[in-house]
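Peer 1: The sequence and its predicted three-dimensional model are supplied below.
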Amino acid sequence: MCNNNCDKQKHVHELQGSTGFEGNCSGCHNHRFTTVTGEAIKTCNSHVHEVTFRTDFANEHYHEFCGKTGEAIDVGGGKHVHYLKECTDQENGHKHEFQAATLIESPTEFNYCDK
């Protein structure tokens, strides 16, 4: 439910992806994740976003991640994405690498089409 701060959310991105595989052939597995980033955090030249997620439950466990995206990467039309290349926490004796890019912010707002 909203806590009366709904109108204060200004700039976030969706993020989804899969981790790399871990384990031997009989027990190898990976995990999927999806989340929404935190608000923009200004840096000297750009901004980043805080990211936290818990992966799906696979092979009797899940993993968590808490970190930040890289700075904004321009994709044209006044839009940008952010890149992450990180590792999950360790669980069940291992961790997983992952790489992902956020989706663009405000995907239904277009600034590059002539009307």
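Peer 2: It's in. Residues are numbered from 1 along each chain as shown.

Peer 1: Show the low-confidence segments of the chain, by residue range.
Peer 2: Counting by pLDDT under 70, the chain contains low-confidence ranges at 1-9, 26, 110-115.

Peer 1: which is the next helix or strand following the longest strand along it?
Peer 2: Ordering each strand of the chain by length in residues (DSSP state E) puts strand 47-54 first. Moving toward the C-terminus from strand 47-54, the next helix or strand (DSSP states H and E) is strand 64-68.

Peer 1: Touching that next one from outside, list them.
Peer 2: For strand 64-68, contacts defined as Cβ atoms under 8 Å, 6 or more residues apart in numbering pick out 33, 41, 48-55, 84, 86-89, 91, 98. Where you see a C-beta, it was placed from the backbone N, CA and C, and this is true even at glycine.

Peer 1: what secondary structure does the residue positioned nearest the centre of the chain sit in?
Peer 2: Centrality entry for the chain: nearest residue to the mean C-alpha point is residue 15, 3.6 Å, by Cα atoms, centre = their mean. The three-state label given to residue 15 by DSSP: H, G, I helix; E, B strand; the rest coil is strand.
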